[in-house]
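> Structure, please.
(one chain, ligands or ions: 1)
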Amino acid sequence: MTDKVAKLVIGDQTHEFPVMSGSVGPDVIDIRTLYAKTGMFTYDPGFTSTAACDSAITYIDGDKGELLYRGYPIDQLSEKSSYVEVCYLLLYGELPNKTQLAEFDKVVSRHTMVHEQMHYFYRGFRRDAHPMAIMTGVVGAMAAFYHDSTDISDSRQREIASIRMIAKMPTIAAMAYKYSVGQPFVYPRNDLDYASNFLHMCFSVPAEEYKVNPTIAKAMDLIFTLHADHEQNASTSTVRLAGSSDANPFACIAAGVACLWGPAHGGANEAALNMLKEIGTVDRIPEFIARAKDKSDPFKLMGFGHRVYKNFDPRATVMQKTAKEVLDLLGVHDNPTLQVAQALEKIALEDPYFIERKLYPNVDFYSGIILEAIGFPTSMFTVLFSVARTVGWISQWKEMIGDPQKKIGRPRQLYNGAPARDYIPVDKR
Ligand code: ACO
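Residues are numbered from 1 along each chain as shown. Prediction:
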């Protein structure tokens with residue numbers, strides 16, 4: 001709380017509301033008593049000016065293009081840390097020492113297998129099902145397999161559920177992929193690091209040995225790190241809203257997966273690559289820029305724009321560099337999709353429409369190029385995002401459950417429907 005107060009004048013009445021300060025970032029006006037004092041609600045669809053919770057996990061300064069996990073800048077973490085270390089940081093608040101990291105790594109590795117019965121669950125899906133449809137179903141179904149970690153009032157069970165989620169998501173995702181291509185499921189290997197194990201489960205087959213390329217594994221680990229958390233984005237807010245009713249963690253994460261699937265959110269990486277391919281060649285870019293600017297055309301430049309970043313998405317900068325590195329490593333020179341992406345970025349950033357609206361490439365603009373080069377089909381892109389974001393979702397969920405001020409999320413509305421009226425019998429309508 002600060003000494004500052006916000007004054008709201010309605011007619012001849014003035015109402016005062018306390019102003020709260022966080023450690024960094026904008027102050028907030030505490031309007032919890034607004035309805036009691038004025039009989040009015042606030043109106044803020046899309047939560048453009050509303051802080052729905054307080055949190056100590058992730059901070060974004062959209063104007064500066066800054067992203068901090070527990071205070072550490074994303075560029076430092078992506079250069080120096082591993083994804084598992086970042087998971088520890090997000091979950092517990094501090095970077096682990098060597099022993100803590102080794103112990104955490106071991107615990108996560110020991111939880112990577114899924115209940116054997118879950119294998120049969122996959123077989124109920126059509127082979128051509130979108131893997132995100134499978135993810136939504138299977139993650140929700142975890143509550144049916146892990147009864148001993150669904151009691152949210154037990155902190156030990158919350159802890160086990162968190163580890164299970166982080167450890168099993170790659171296995172569940174790889175199984176969704178294997179199922180869609182008609183190959184046998186591949187069991188996890190505890191001797192491999194998180195990213196290498198995931199690549200092994202996706203790309204190895206029983207018929208021959210598969211060696212994980214360490215540079216590819218590093219790029220995969222980096223993609224996971226860059227997507228690990230992003231404060232109160234749509235899917236995280238969905239997880240929090242689901243969790244606010246005391247639903248079990250598996251149900252809450254399934255809700256997050258479902259929300260992430262949308263093309264305005266996690267589905268954008270798939271949409272961005274499809275768009276770059278549709279553009280195809282640099283000479284067609286002006287046509288697509290014109291469409292993006294035309295208000296009568298629903299087309300948007302996918303991978304461009306962000307609700308919070310009004311500057312470069314710091315993750316996009318790292319992603320662009322990694323895209324070039326991965327393509328070089330794989331000996332892919334003159335990749336047409338990368339060429340279109342780079343030219344499109346340049347043209348868009350010089351165009352007044354994009355400058356005025358502060359539209360910059362976001363994390364999804366380049367990630368698809370890397371994932372395709374690694375060998376993933378576009379339908380898997382959002383799945384990979386969901387694997388990475390699981391730690392963010394579960395950390396935010398744990399923070400919320402541990403918050404003594406937790407309340408069920410229950411927004412109000414501005415009602416525009418019919419006022420009360422009498423029922424009309426069917427023969428009189
Ligand atoms: N292409 C063209 N114009 C755009 C784009 C775009 N990608 N994004 C925003 N605009 C325009 C809007 O039409 C609007 O113009 P106007 O002021 O003339 O009406 C203005 O910029 C502001 O845009 P809003 O839609 O109000 O911004 P909002 O914060 O609601 O949306 C969003 C952000 C959803 C990310 C939007 O920029 C978008 O749809 N981008 C493409 C999809 C995408 O890449 N999503 C990934 C986001 S990152 C993530 O989830 C990991």
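
> Wait, a helix at residue 14?
No: assessed with DSSP: H, G, I helix; E, B strand; the rest coil, residue 14 is strand; it does not lie in a helix.

> Identify the residue nearest it in space, chain neighbours excluded?
residue 7 (5.5 Å; CB to CB, 6 or more residues apart in numbering). The way it works is simple: take the backbone N, C-alpha and C, and place the C-beta from them, glycine included.

> wait, isn't the one you found in contact with residue 16?
Yes: between residue 7 and residue 16 there is a contact under CB atoms under 8 Å: 5.7 Å.

> Could you check which of those two has the larger neighbour count?
Neighbour tally, residue 7 and residue 16, criterion other CB atoms under 10 Å: the higher count belongs to residue 16, 11 against 8.

> show me what contacts that one?
5, 6, 7, 8 (CB atoms under 8 Å, 6 or more residues apart in numbering).

> What of residue 390?
Contacts of residue 390 (CB under 8 Å, 6+ apart): 165, 166, 169, 253.

> Now for those residues: which two are most distant?
Spatially, the most separated pair among the contacts of residue 390 is 166 and 253, at 10.4 Å (CB to CB).

> Identify the contacts common to those two.
Contacts common to residue 166 and residue 253, judged by CB under 8 Å, 6+ apart, are 390, 394.

> quick one, which of the two is more surrounded?
With neighbours defined as other CB under 10 Å, residue 166 and residue 253 compare such that residue 253 has more, 31 against 27.

> can you tell me how far that one sits from residue 267?
Noted for residue 253: a distance of 17 Å to residue 267, by CB to CB, to the nearest Å.

> With residue 423 instead?
42 Å.

> out of the two, which sits in the busier spot?
residue 267 (18 against 6).

> shaky segments in the protein?
Under the criterion pLDDT under 70, the flagged ranges of the chain are 1.

> quick one, strands of it?
5-10, 13-20, 28-29, 58-61, 66-69, 72-73 (DSSP state E).

> List the neighbouring strands of the second one plus their orientation.
On the basis of DSSP bridges, the sheet neighbours of strand 13-20 come out as strand 5-10 (antiparallel), strand 28-29 (antiparallel).

> if you compare these, which one is most tucked away?
strand 28-29 (a mean of 16; mean count of other CB atoms under 10 Å).

> right, and residue 42 touches residue 30 too?
No: the pair residue 42 / residue 30 is not scored as a contact, 12.0 Å apart, by CB under 8 Å.

> quick one, which of the two is more surrounded?
Taking neighbours as other CB under 10 Å, residue 42 and residue 30 compare with residue 30 leading, 15 against 12.

> list the contacts for the more buried one?
By CB under 8 Å, 6+ apart, the neighbours of residue 30 are 1, 17, 18, 19, 20.

> Could you export the strands of the chain as JSON lines, including distance to the ligand?
Formatted as JSON lines, the strands of the chain follow (distance: least, CB to the nearest ligand atom, whole Å):
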{"stretch": "strand 5-10", "distance to the ligand": "24"}
{"stretch": "strand 13-20", "distance to the ligand": "24"}
{"stretch": "strand 28-29", "distance to the ligand": "19"}
{"stretch": "strand 58-61", "distance to the ligand": "11"}
{"stretch": "strand 66-69", "distance to the ligand": "12"}
{"stretch": "strand 72-73", "distance to the ligand": "18"}
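
> Make TSV out of those and add distance to residue 223.
Output for these, formatted as TSV (distance: least, CB to CB, whole Å):
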stretch	distance to residue 223
strand 5-10	41
strand 13-20	35
strand 28-29	33
strand 58-61	17
strand 66-69	15
strand 72-73	18
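
> For residue 36, which of these is the nearest?
Of those, nearest to residue 36 by CB to CB is strand 13-20, at 10.2 Å.

> for the closest one, which positions count as buried?
15, 17, 18 (16 or more other CB atoms under 10 Å).

> can you give me the helices in the stretch 101-250 of the chain?
Assigned by DSSP state H, counting those that start in this stretch, the helices in the stretch 101-250 of the chain fall at 118-122, 131-145, 155-181, 194-203, 214-226, 234-244, 249-260.

> CSV please, covering those and showing distance to residue 414.
Formatted as CSV, the helices of the stretch 101-250 of the chain follow (distance: least, CB to CB, whole Å):
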stretch, distance to residue 414
helix 118-122, 42
helix 131-145, 31
helix 155-181, 37
helix 194-203, 45
helix 214-226, 38
helix 234-244, 19
helix 249-260, 23
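
> out of those, deepest packed?
Burial of these is given as mean neighbour count (mean count of other CB under 10 Å); helix 249-260 ranks first at a mean of 25.

> Tell me which residue of the stretch 251-400 of the chain lies closest to the ligand.
residue 305 (2.4 Å; CB to the nearest ligand atom).

> what's the burial count for that residue?
Residue 305: 20 surrounding residues under other CB under 10 Å.

> Please name the nearest non-neighbouring residue to it.
residue 359 (4.5 Å).

> Touching, that neighbour and residue 302? I think so.
No: in this structure residue 359 lies outside contact range of residue 302 using CB under 8 Å: 11.7 Å.

> Which of the two has more residues huddled nearby?
residue 302 (24 against 20).

> Verify the contact between the more buried one and residue 266 for me.
No: taking contacts as CB under 8 Å, residue 302 lies outside contact range of residue 266: 12.0 Å.

> who's in contact with residue 249?
149, 150, 152, 158, 161, 162, 165, 243, 394, 397.

> Out of the residues you listed, which comes closest to residue 123?
Looking across the contacts of residue 249 and measuring by CB to CB, the closest to residue 123 is residue 165, at 23.0 Å.

> Taking the stretch 1-150 of the chain, what residue is nearest to the ligand?
residue 46 (6.3 Å).

> give the contact list for that residue.
By CB under 8 Å, 6+ apart, the contact list for residue 46 reads residue 307.

> ok, it to residue 229 distance?
Relative to residue 229, and taking CB to CB, residue 46 is found at 21 Å.

> ditto for residue 397
Residue 397 is 12 Å from residue 229, by CB to CB.

> Is it correct that residue 275 is in contact with residue 303?
Yes: in terms of CB under 8 Å, residue 275 counts as a neighbour of residue 303; the distance is 7.5 Å.

> and these two? which has more neighbours close in?
Taking other CB under 10 Å, residue 275 and residue 303 do not tie; residue 303 has more neighbours (27 against 23).

> List the contacts of that one.
For residue 303, the contact set (CB under 8 Å, 6+ apart) comprises 268, 269, 271, 272, 275, 361, 362, 364, 365, 366, 368.

> Kindly give a single PyMOL line that selects the buried subset of those.
The command below creates a PyMOL selection of those among those that count as buried (16+ other CB under 10 Å):
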select buried, resi 268+269+271+272+275+361+362+364+365+366+368
